[in-house]
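# based on what follows, work out the 3D shape:
(2 chains)
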There are 2 protein chains.
Amino acid sequence: MTSPGSTHDDVANFEALTPLHFLSRSSRVHADRIVVQDGDAAYTYAEWYQRANRLASYLVSKGIGQGDSVGVLARNGEFSLLTHYSVPMVGGLLVQMNVRSNGDDVDYIVEHSSMRLLFVSEDLLSVVRGSSGTRIVVIDERLEAELMKMELTELSPVRDELGPLAINYTSGTTSRPKGVVYHHRGAYLNSLAMALDHGLTADSSYLWTLPMFHCNGWCFPWATVAVGARNICMEKVDPEAVWELCVSGVVTHLCAAPTVLVMLSESDHARQLDRPVRIITAGAAPSPTILGRMEEFGFVVDHVYGLTETYGPFTVNVENLRDEPTGRLVRRARQGDANTLSGQVEVWDMNDSPVPADGETLGEIVMRGNGIMSKYHRDPSATCDAFRRGWFHTGDIGVKHPNGQVEIKDRLKDLIISGGENISTVEIERAIASHPNVLECAVVAKPDSRWGEVPVAFVEIRQGASTSSAELLDHCRERIAPFKVPKQVFFGQLPKGSTGKILKSELRQSLKNFQPNRDSEET
Amino acid sequence: MTSPGSTHDDVANFEALTPLHFLSRSSRVHADRIVVQDGDAAYTYAEWYQRANRLASYLVSKGIGQGDSVGVLARNGEFSLLTHYSVPMVGGLLVQMNVRSNGDDVDYIVEHSSMRLLFVSEDLLSVVRGSSGTRIVVIDERLEAELMKMELTELSPVRDELGPLAINYTSGTTSRPKGVVYHHRGAYLNSLAMALDHGLTADSSYLWTLPMFHCNGWCFPWATVAVGARNICMEKVDPEAVWELCVSGVVTHLCAAPTVLVMLSESDHARQLDRPVRIITAGAAPSPTILGRMEEFGFVVDHVYGLTETYGPFTVNVENLRDEPTGRLVRRARQGDANTLSGQVEVWDMNDSPVPADGETLGEIVMRGNGIMSKYHRDPSATCDAFRRGWFHTGDIGVKHPNGQVEIKDRLKDLIISGGENISTVEIERAIASHPNVLECAVVAKPDSRWGEVPVAFVEIRQGASTSSAELLDHCRERIAPFKVPKQVFFGQLPKGSTGKILKSELRQSLKNFQPNRDSEET
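Prediction:
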């Protein structure tokens, strides 16, 4: 009798699914709870709902409406969080931009998204060149003063749950960034999955270590508000401050890439927690070693996996009750199953047929369901290609285990093909990371005249510790097949992106420019 | 690019929302956990998914398919739970029937729902007269043996999330029962609301005190399975067994009408809990008195409110952080706000305009959103009337408080109009229930030549306690306006329906047949 996707103003039993609903509800139900604190500033849900409306009203006054893109280039903070509501409230598309973007990146995204207005924090203003059609607004006291003066506005409700909400640009390490379009229904459902699967409640306090520009903070700007939780902002991950907030019991949840976990575990401020803090980790495959270390401190680590195209997390690793304790951390390092709401995940061979569920046969991880993006913005051919055969092709190489769990073995572009054999860099990295003196490592392919490609390792040693190439290679030989053992080991600091992801493209580049004295081969 | 409501077989980013998804996912993710235990029988999720498929296969073998109604007339048990999956798995509509139905009720529902097959437990077989088009299947060892032999079948996925899933017949105390149609999307969303708002996790154990035939057990057959929780069946509420399961920590959650809470609190087995058990209560407005008593035992009471037309609970009472402790239980007895996913709730006057949010002005409670039924089966005019002006009209009389919470004052049909004044029976009942010697009470209208109607009270006294009409009336005079004080008090046992709801229609009837000696006026 009714059908989603169209207008239903006069229908009692249908409402478009949208995360905007969460704020309007929580502004009443959790009126007096704190929704966000950022330095000295803190707002209750009732206050912040009005503030979101004032920012929406401001956008309307600047001519922003249905289908207009609004950019944000700013570090994590209350204002960025606010735009997750105010921009879609006026029918706009939120474009959160990486704070490490350079002038070219910004120009490309501004042009590609037809950006009408760009909010920039003062410290990032220098990368913005400006363009005739885009209004640049600095996030400063003047804007704040203007907001305070805005009148509250009556806004139209979201009518099409499949209508766009945000565009998230991929990092574009190998090609131009793609604009991943999120719709209201997908963001609503994945926000609920985050709240449900990770136990968010009105008593939770979520710490913003993950950048909000990374897949809209894995939907946590909406998930926290759905349940009436508190957001605690942090501009930059400061291990001392994170430990202080965790130990004191102020924080109950945070999201972090495995490399942030390594940073936390190595901090001088690391200590035992009295009360567990729940960490949701993704962004790269965490090693069993780091999962184990975090658990020893008293963290509960929820291991999830997803891509920009999946609103952040799509899978979750759920522990099996009856498994033996042996090998538990290795199993916890698998990417797991589709989360409660996202859909389905499979591993397919090159002919789009399922690989055997043997935990060994490599294939491409494919997904389908409501947890998949709407489309690539202005790129129907890339959308068609990614969605071929009715499944989203992730470009990640993995295996399927007999219990249905998937496990990533590599990015398609990182996989090493040596003498005709596929070698998973993740497997080699885990072997190296299990050495007690290794902090982090990355394995990449080096072109080789005999084998095509061979694995080489880049290793960062724990502070005050030492090891040698020979020692690490012996360590590897005990754990992996001989042909997978790296041919060379380089020691030094690993280059990382803004979300803490190790930049393998830079490592591959450095191999080309390699000078024997650039890094010491032993330490 | 895609639109819900149609077929999307080949689309990567859209899946119909259906609670069936929960079982297929949990059968893998929570494979080894127990999904249901019923007496000596217990099944893991992996086993039970196959069992659901076998029952689906059985239905197919009997010719049941898309759009066919399948009835169940049985007490709470593993089989009833199973039908919540197997029937919709083949495209059928589940019709759970009240175990107190008489032959006429059964005939009516069988005919009205065009029932193709009816599962009946042996003890209820006598009320089933049979009809030419309906196959009667007794739930016994023979059926069990047949199920064991069924082959696993490949079933088509649900394609239309707005397609029907179940029909729940209203109790029909004043007229013929109405068939309330639930669709997949609504059941999916309300199940998630139950899981999220009431903290269900894979470690939860849910005790079936609420009948599954009551609004499909408020969606708990699906909510529990969504998170991998355990269902513990109980045919009939036995206070001793309930206390045993709560005290021993076996049970973490249960749903119960306020009258069941009264029964539990009065039981000889009542004692202090070491670990809190969460009770979700609805079905009638609970008094602050009973909420307080349950909390004293160590229960966490979630007060919710809904109707058959709202998939069970639609609102939830969330405590406000900054409220004063004074009057807390009175506030907890309000019906609250729409739950996280259901939609919106308002109170409207007779012209369908909102009443002032003053906590005093009476109006009809109206609701809209995804938590509202699809329609009344074969009754478009009743559907149109209930959905007029784009809101579902509940027929419940309530007020809106300044903080947006709604509070029920009466069923429209229970409201007393005395000398032109509206009198809420709930308000009078609360005043009486706050007397320490009162177990339960109900107030109804008695026709009166001078005032039109006057309130009279029916009171059940706590075991071993005593009070008098005069004492209770004095107690009321201290608490409510003089014109609301009952004109008469009758003592005795209160008649109840299968969900524990007090049958006011019977009390009104008994007034007509009233004989001075039927009940003692004092005890």
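# relative to the worst-scoring helix or strand of chain A on mean pLDDT, what are the paired strands and their orientations?
Sorted by mean pLDDT, DSSP states H and E, the helices and strands of chain A end with strand A:421-423, the least confident at a mean of 86. Strand pairing for strand A:421-423, determined by DSSP bridges: strand A:416-418 (antiparallel).
# need the residues that contact the partner strand.
Residues outside strand A:416-418 that contact it (Cβ atoms under 8 Å, 6 or more residues apart in numbering or on different chains) are A:410, A:422-425, A:443-445, A:448, A:451-455, A:483. All C-beta spots, glycine's among them, are computed from the backbone N, C-alpha and C.
# tell me how far it lies from the chain's centre.
Centroid separation between strand A:416-418 and its chain, computed with Cα atoms, centre = their mean, to the nearest Å, is 28 Å.
# likewise for stretch A:22-30?
Centre-to-centre, stretch A:22-30 and its host chain are 26 Å apart (Cα atoms, centre = their mean).
# circling back to that earlier point, just the buried residues of the contacts of strand A:416-418.
A:410, A:423-425, A:443-445, A:451, A:453-455 (16 or more other Cβ atoms under 10 Å in any protein chain shown).
# closest one of the residues you listed to chain B?
The closest of the buried ones among the contacts of strand A:416-418 to chain B turns out to be A:D410 (Cβ to the nearest Cβ; 22.2 Å).
# so what pairs up with A:H393 in the strands?
Legend: beta-bridge partners of A:H393 under DSSP bridges are A:V366.
# I figured it hits A:V366, correct?
Yes. If you go by Cβ atoms under 8 Å, A:H393 and A:V366 touch, sitting 5.5 Å apart.
# more crowded one of these two?
Comparing A:H393 with A:V366 by other Cβ atoms under 10 Å in any protein chain shown, the one with more neighbours is A:V366, at 25 against 19.
# follow-up on the earlier one: helix or strand next in line after the least confident helix or strand of chain A, which one?
Per DSSP states H and E, the first helix or strand lying C-terminal to strand A:421-423 is helix A:425-433.
# following the chain onward from that following helix, which element is next?
Downstream of helix A:425-433, the first helix or strand assigned by DSSP H and E is strand A:438-448.
# so what strands line up beside that following strand?
Strand A:438-448 has these partner strands in its sheet, going by DSSP bridges: strand A:452-461 (antiparallel).
# A:G371: what's it in contact with?
If you count contacts by Cβ under 8 Å, 6+ apart, A:G371 has them with A:186, A:189-190, A:193, A:306, A:310-311, A:314, A:338-339, A:341-343.
# for it, which non-adjacent residue is closest in space?
Leaving aside its sequence neighbours, A:G371 sits nearest to A:S342 (Cβ to Cβ, 6 or more residues apart in numbering or on different chains; 3.1 Å).
# thought that neighbour was touching A:T315?
Yes. Between A:S342 and A:T315 there is a contact at 7.4 Å, judged by Cβ under 8 Å.
# overlap in contacts, the two.
Counting by Cβ under 8 Å, 6+ apart, nothing touches both A:S342 and A:T315.
# okay, now A:R331: neighbour count?
A:R331, neighbours per other Cβ under 10 Å, totals 20.
# quick one: what helix or strand has it in it?
Counting by DSSP H and E, A:R331 is found in helix A:328-332.
# quick one: is that helix near chain B?
No. Using Cβ under 8 Å from any Cβ of the partner chain, helix A:328-332 stays clear of chain B, coming no nearer than 13.2 Å.
# from the contact counts, what lies against whatever helix or strand comes next after that helix?
As assigned by DSSP H and E, the chain's next helix or strand after helix A:328-332 is strand A:337-338. When contacts are defined as 3 or more Cβ pairs under 8 Å, 6 or more residues apart in numbering or on different chains; DSSP states H and E, strand A:337-338 packs onto strand A:312-316, strand A:344-348, helix B:20-29.
# what's the average pLDDT for the last one?
By that I understand helix B:20-29. Across helix B:20-29, the average pLDDT comes to 97.
# same check, this time on stretch A:101-115
Rounded mean pLDDT across stretch A:101-115 is 94.
# please point out which parts of that stretch sit buried.
Of all the residues in stretch A:101-115, those buried under the rule 16+ other Cβ under 10 Å are A:101, A:105-110, A:112-113, A:115.
# format those residues as TSV; extra columns: distance to chain B and secondary structure.
Formatted as TSV, these follow (distance: Cβ to the nearest Cβ, whole Å; DSSP: H, G, I helix; E, B strand; the rest coil):
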residue	distance to chain B	secondary structure
A:S101	27	coil
A:D105	27	helix
A:V106	28	helix
A:D107	28	helix
A:Y108	24	helix
A:I109	22	helix
A:V110	25	helix
A:H112	19	helix
A:S113	18	coil
A:M115	22	strand
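# closest residue of the stretch 51-200 of chain A to chain B?
Residue of the stretch 51-200 of chain A nearest chain B, by Cβ to the nearest Cβ: A:L196 (5.4 Å).
# so that residue sits against B:A193, correct?
No. Applying Cβ under 8 Å, one finds A:L196 not in contact with B:A193, separated by 10.3 Å.
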